[in-house]
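Colleague: Could you look at this predicted model? Sequence included:
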Amino acid sequence: MSTRLDGRKKDDLRPIKIELGVVKSAAGSCYLEWGKNTVVATVHGPRPMFPKHLSNSQRAVVDYRYRMAPFSVSDRKSPVPGKRDKEISLVSGFALESVIMTEKFPNTVINVNTLILSADAGTRVAALTAASLACADAGLPMKGLVSAVAIGRANGDLIYDLTKDEEDAPDAVDTAIAITMPQKEIALLQMDGFVNKDDWKKMVSMGFSAAEKVYALQKNALLEKYPVNGDINE
Amino acid sequence: MSTRLDGRKKDDLRPIKIELGVVKSAAGSCYLEWGKNTVVATVHGPRPMFPKHLSNSQRAVVDYRYRMAPFSVSDRKSPVPGKRDKEISLVSGFALESVIMTEKFPNTVINVNTLILSADAGTRVAALTAASLACADAGLPMKGLVSAVAIGRANGDLIYDLTKDEEDAPDAVDTAIAITMPQKEIALLQMDGFVNKDDWKKMVSMGFSAAEKVYALQKNALLEKYPVNGDINE
Amino acid sequence: MSTRLDGRKKDDLRPIKIELGVVKSAAGSCYLEWGKNTVVATVHGPRPMFPKHLSNSQRAVVDYRYRMAPFSVSDRKSPVPGKRDKEISLVSGFALESVIMTEKFPNTVINVNTLILSADAGTRVAALTAASLACADAGLPMKGLVSAVAIGRANGDLIYDLTKDEEDAPDAVDTAIAITMPQKEIALLQMDGFVNKDDWKKMVSMGFSAAEKVYALQKNALLEKYPVNGDINE
Amino acid sequence: MSDILNLINAGSIKEKIKNGKREDNRGFEDFRDLEIKTSVLSSADGSAWVKLGKTEIVAGIKFAVGTPYPDSPDEGSMSLNLELTGISSPDFSTGPPQIDALEYGRVADRAIRSAEAIDFKKLSIVAGEKVFIIFVDCIAINADGNLIDATEIAALAALKNAKIPKLDEKNNIISKEYSDKKLELLNIPLSFTFEKIEGKIIVDPTESEEYASDARFSLGLVKDTVVSCQKSKNGVFTEEEIFTMVDISVNKYNEILKKIEALE
Amino acid sequence: MSDILNLINAGSIKEKIKNGKREDNRGFEDFRDLEIKTSVLSSADGSAWVKLGKTEIVAGIKFAVGTPYPDSPDEGSMSLNLELTGISSPDFSTGPPQIDALEYGRVADRAIRSAEAIDFKKLSIVAGEKVFIIFVDCIAINADGNLIDATEIAALAALKNAKIPKLDEKNNIISKEYSDKKLELLNIPLSFTFEKIEGKIIVDPTESEEYASDARFSLGLVKDTVVSCQKSKNGVFTEEEIFTMVDISVNKYNEILKKIEALE
Amino acid sequence: MSDILNLINAGSIKEKIKNGKREDNRGFEDFRDLEIKTSVLSSADGSAWVKLGKTEIVAGIKFAVGTPYPDSPDEGSMSLNLELTGISSPDFSTGPPQIDALEYGRVADRAIRSAEAIDFKKLSIVAGEKVFIIFVDCIAINADGNLIDATEIAALAALKNAKIPKLDEKNNIISKEYSDKKLELLNIPLSFTFEKIEGKIIVDPTESEEYASDARFSLGLVKDTVVSCQKSKNGVFTEEEIFTMVDISVNKYNEILKKIEALE
């Protein structure tokens, strides 16, 4: 089995480091390093939503923001959010709404902010994984966690968790996938590339097993900070 | 009598094709081809106006939008409305307010949207003519119709309904005029050019007769769709 | 003692001309020429503040705007306010709030607008001096006036009221200072430069004496327009 | 239809879906009638008017001359934009930023890009200096659901219809004159959008059906090759559901493709 | 004056107009006192301060060096802008986009353009590469009606007052140095704005009169030549009324022109 | 902490200050614990993470290549920006323009500029044509008062940490490759921010203390040289208070400087 540029096997994730509760003023927060990605996520709320006509009388709305720091990428990024940022924010917020018991907080907003401080491919899944932990750290009632990961193809291989160098391969395909745990349903799925139907299905399946690895790390981090609660998701 | 590049006589309009009710979700709508101009107009409302301080306790406000599709002109137009678009929207909305019985709907807004899909001179009068029909199609109570047309000068002649080629003549003058029908009063009058007082008066007078031609076509289109009502404006 | 380019001594101000009540529609106004600076200031209000959540239930809020006309400087300035304009507006508004009895008008806003028509260094202090007079002209209850002036260094000398030419000196330091009169407290203090602690303290002290000169002119202007009231600030 | 009516309507939609029926009696895997007209606008370099049921999208192409990106000096570029204007709904003319239009446009855009439908190298005019930029502007005339698929079809039909403008000696576009070359499309990516209502998967949703659903999935395909996908809304899908939707899409691809290939 | 007071006031204005009187006892065809000062600002390349009754407009000219439009490579350009700021009314400092300022500025701008007041070819510096752009920025100091005519007069007086800057060897503007050439005006377009109240036509309206009226007409003239016009507000005019307003304007033209020609 | 809680809290803060105490038992002239980490981000050309008590600021440096200003053709430039995002408070993610962030960033920026900390001439690449622009982006991770001083420290630590990128033959930046030269800082300006509560002057305020105060003063220093200052809020200071704050700052300067000099 061929190894990758950074020595990983096909189904290895990059090293992930999780720290909870880092931002003192937030209800919940998470600092996460994922390879060379660095992310901070915070949760504020639920709190009453203004303007009222944007609120939902049946449930809380998750206002998710995916933001890249200007210095997180090669060429300085403008602080003004672009189309890509807004699209990722939208679908990531949906993914979180699928596990938060939003029906307990009608007419409110839950603000989830994620900030990419350093980027090396896979930032949206790193942010969503961190955001899911920040929600748990905030003590929000949740049906489960969201465990997100990228699956892709580079140089002919279907692999877990591509780096930027691997994403630059001529045949690269990148699939971002988020799984609700322990329910194992798909909460986010975005892909760009050119891949036949069967390989694509394989990648989706790989997403489930890769997400299990992410979930294990998420659980550990939560258990370390909240040992008395036992495993909150099983 | 000299004929024009496209074979028309001085007091000929370009061919006008009208279709009512084309946009299913709108209260009223009109698709209009006027020479090489293509316009769609829709009417929504009246409905309560927000923010309230912009509403009028005596009558409905007409929120008219004149918009050119990016692909409607030679060089792609930015989708952001410019000064010209806003000015035309303002005075066209005023023209419609002069015939709609807005006093019947205090504190509401009537949204009139016009979209130029293809442009070849005279777009503002084509849009206003279509918008007037869309209002009638929406069943809004009206004192009459607005019939709009451009009158101008090109190559020494005072003529009806200039094309873009004629507008590019060195001595070109362009007057947009909208007449309330059957009242025959001036609801819109905009002009740029350089023309002596007497010729200018002639152009205004020509506007009235040209508007009659437009009005005849408008009536036909309405009678065709609403035959049982008889002629709603006479 | 060396004289300056325009013949002034170190502690001379440029000629200041004040005219009150120039803008008929405003509650209070002031036209002020300060050397080659030309400023107009107007005051409107107090009036109820919208949106309400920006208002203060204990007092009036001063909404101060420092604006430079596009033609007031060498290269045309964009009409869109920049960071510098916003910062000056913020601290100038604070300075005025320190003398206006804002507690008398809870939940209201007092709009203070200043417009630089011609600029030659010292525009922020000219604007604030004019604004203070416009507030008095509007009859707002005030604990005193704000008298503002620039103190600086050019070509080795600590001097009053620099011109643009003096500001361009290689060793130039510029300190904008506003003093509440007759209380003699510092309401605004902004400085850019490179000056040792002791010289800087000297400049601050010079600010107090220079502000006295400005105050004398302000009092004269008010007494001329409102002779029956006597000296309103002593 | 207003939001409130849609909400009320959602209940009956769900009830029908449970019983295997759609509001317009289509099968779960049936598209609505699709009508495509091209060359509908004299001012655009290419144009298409697409009706998918009551949903109508107009797409217009404009070529412009610009400078290439530094990291691809010999390639032109494309910009696809979807606008939801007051024409189709008064809610679009004011109010919050159009996040829906942004998402739909992004999904349509990414499919074309990933499918390598356009050979951007052929859009180079002077390598490193001047390239063609293709603007694909799509405007919703009537919005009755499934704007993503309708936008994708309109964009491709308009691109297929596009003529490349002539250039003068300074490489500026000569207005209304075209070279003999038409824009060549290497692949025809199509979009297939599904909604999940009461556990059932339906294709080509109407606006009412969209309101009744809380999970959407869109797939971009070239024949049996996946080129893009997007899961949206706060519902979830099982792995099996995802696989089923891919299989349905691959089966449907040729049906839609034929309508585009039939165009002049 | 606040909106509410203006509304209350409108009734009495209408009553007076019916009886042939205006609130300030002017005749229906009389302008208010007009005062024009130029060279009022040391920083501008040309400037004017216009008082028309209580309405006051300051106009300042700035030259800049820019690139010409591709379709007129040897012509400079002009940009006229009217700003209604918090100086004249607190309502202008916040709130909705300034549609009024935009309309007034457009009407004033179009008259200058149509009148061919400026020979744009004389503003060419290096054909096809560098031209002068003239910025005419007008700011309302006090707004008491008829801002269009006051803006037009202020803009023209400032243009007439403008000196063309000197250029260095790289064709950049040298600050505060001017060539011997003044900007030449080929024509002096003037604007005449009318309001219709209770069926009567009045010229040079005050702010109160504007509130009492629901039909406005503005005409741009060079002597007896019409160069622009704009009907505004939701009232209407008869053909005869329009003709009357043209005739009044032509008669008034020289009266205003003299004040501008008298300027240095 | 919410605005309302801060207001309630303000009373007890004031009471304590009157009795010579601060909420966290610091002396009036004491800074909170300061921790500075550099090289924390692999993507930035220089970076620092500063903790001042609970206040946390991340600063990242990015070099870009641009054209110089016409009036300083052989000098590069710097742009410092502070962002208060939803990360630190949900109020920052929406709502009014961030006037606080703007003010804090301006104060930090002006101190660096006035101190001539960076030799902009050394940032020239091709005189008159190409220069380096340094972007200093600061983001508040946690906002617990005294953002000005924390931002100043973070900006300087990140600048001190910055490596100058390598350029290719066309003078474009080569990604992730650096020349041997580090960015040299000629002076280290530091900021000292004071609040006045119940007539007492305190340094390095917490967010709660900021709410309890109505007068702020910030001073930028290089050793005993003043390089910038800013009085803010609607309270006032006496001459003597200002002088005292300068003296305190000069005394504190070396204490903070050492922490920055200790950085690699």
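Modeller: Sure, I can see it. All of these numbers come straight from a predicted model, not from anything done at the bench.

Colleague: Would you map the strands across the chain?
Modeller: No chain in the question, so chain A it is. Secondary structure of chain A (DSSP state E): strands located at A:16-20, A:28-34, A:37-48, A:61-68, A:108-118, A:145-154, A:157-160, A:173-181, A:185-196.

Colleague: that's the wrong chain, I wanted chain D
Modeller: When assigned using DSSP E, the strands of chain D occupy the ranges D:34-38, D:46-52, D:55-66, D:77-84, D:124-126, D:130-142, D:163-167, D:173-182, D:190-197, D:200-203, D:216-222, D:225-232.

Colleague: ok so, going back, for the strands of chain A, which one sits closest to chain D?
Modeller: Of all the strands of chain A, it is strand A:185-196 that lies closest to chain D, at 3.7 Å by CB to the nearest CB. Just so you know, the C-beta spots here come from the backbone N, C-alpha and C atoms, and that holds for glycine as well.

Colleague: I'd like to know if the closest one reaches chain D anywhere along the stretch.
Modeller: Yes: under the criterion of CB under 8 Å from any CB of the partner chain, chain D is reached by strand A:185-196 at A:185-196.

Colleague: In that strand, which residues are buried?
Modeller: Within strand A:185-196, the residues that qualify as buried are A:185-195, counting by 16 or more other CB atoms under 10 Å in any protein chain shown.

Colleague: got TSV for those, with distance to residue D:162 and pLDDT too?
Modeller: Below are those laid out as TSV (distance: CB to CB, whole Å; pLDDT from 0 to 100):
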residue	distance to residue D:162	pLDDT
A:185	42	98
A:186	37	98
A:187	39	98
A:188	35	98
A:189	32	98
A:190	29	98
A:191	27	97
A:192	24	94
A:193	26	95
A:194	23	97
A:195	28	97
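
Colleague: Show me which pair in the residues you listed is furthest apart.
Modeller: Spatially, the most separated pair among these is A:185 and A:194, at 26.8 Å (CB to CB).

Colleague: Compare the strands of chain D and give me the one nearest residue C:92.
Modeller: Closest to residue C:92 of the strands of chain D is strand D:77-84 (CB to CB; 42.1 Å).

Colleague: quick one, that closest one and strand B:108-118 angle?
Modeller: Here strand D:77-84 points in a direction 150 degrees away from that of strand B:108-118 (axes from the mean of the first three to the mean of the last three CA atoms, to 10 degrees).

Colleague: picking up where we left off before, in a markdown table: the strands of chain D, plus distance to residue C:103 and mean neighbour count.
Modeller: Formatted as a markdown table, the entries for the strands of chain D read as follows, by distance: least, CB to CB, whole Å; neighbours: other CB atoms under 10 Å in any protein chain shown:
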| stretch | distance to residue C:103 | mean neighbour count |
| --- | --- | --- |
| strand D:34-38 | 69 | 17 |
| strand D:46-52 | 64 | 25 |
| strand D:55-66 | 59 | 24 |
| strand D:77-84 | 49 | 20 |
| strand D:124-126 | 68 | 15 |
| strand D:130-142 | 54 | 24 |
| strand D:163-167 | 68 | 17 |
| strand D:173-182 | 65 | 12 |
| strand D:190-197 | 59 | 25 |
| strand D:200-203 | 64 | 20 |
| strand D:216-222 | 55 | 25 |
| strand D:225-232 | 53 | 26 |
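
Colleague: circling back: can you tell me which two in the residues of strand A:185-196 next to chain D are farthest apart?
Modeller: Of all pairs drawn from those, the one with the longest distance (CB to CB) is A:185 and A:194, at 26.8 Å.

Colleague: Can you report how many residues lie near the residue nearest to residue D:48 when sequence neighbours are not counted?
Modeller: Of all residues not flanking residue D:48 in the chain, residue D:157 sits nearest, at 3.6 Å (CB to CB, 6 or more residues apart in numbering or on different chains). If you count neighbours by other CB atoms under 10 Å in any protein chain shown, residue D:157 ends up with 24.

Colleague: can you tell me how far residue D:157 sits from chain F?
Modeller: 39 Å (CB to the nearest CB, to the nearest Å).

Colleague: Over to residue D:225?
Modeller: Applying CB to the nearest CB to residue D:225 and chain F gives a distance of 32 Å.

Colleague: Near the closest residue to chain F within chain D, how many other residues are there?
Modeller: When CB to the nearest CB is the measure, chain D has its nearest residue to chain F at residue D:70, with 6.8 Å between them. Here the number of neighbours of residue D:70 (other CB under 10 Å) works out to 10.

Colleague: Surely it is in contact with residue F:173?
Modeller: No: with contacts counted by CB atoms under 8 Å, residue D:70 stays clear of residue F:173, the gap being 10.3 Å.

Colleague: related to what we said a few turns ago, do you know which of the strands of chain A lies nearest residue E:112?
Modeller: The closest approach between residue E:112 and any of those, judged by CB to CB, belongs to strand A:61-68 at 46.3 Å.

Colleague: Now do the buried residues in the lengthiest helix in chain A.
Modeller: For chain A, the longest helix by residue count, based on DSSP state H, is helix A:197-225. Of all the residues in helix A:197-225, those buried under the rule 16+ other CB under 10 Å are A:197, A:200-201, A:203-204, A:206-208, A:210-211, A:213-215, A:217-219, A:221-222.

Colleague: contacting residues for the residue nearest to residue D:48?
Modeller: Under the criterion of CB atoms under 8 Å, 6 or more residues apart in numbering or on different chains, the contact partners of residue D:157 comprise D:36, D:38, D:48, D:50, D:59, D:260, D:263.
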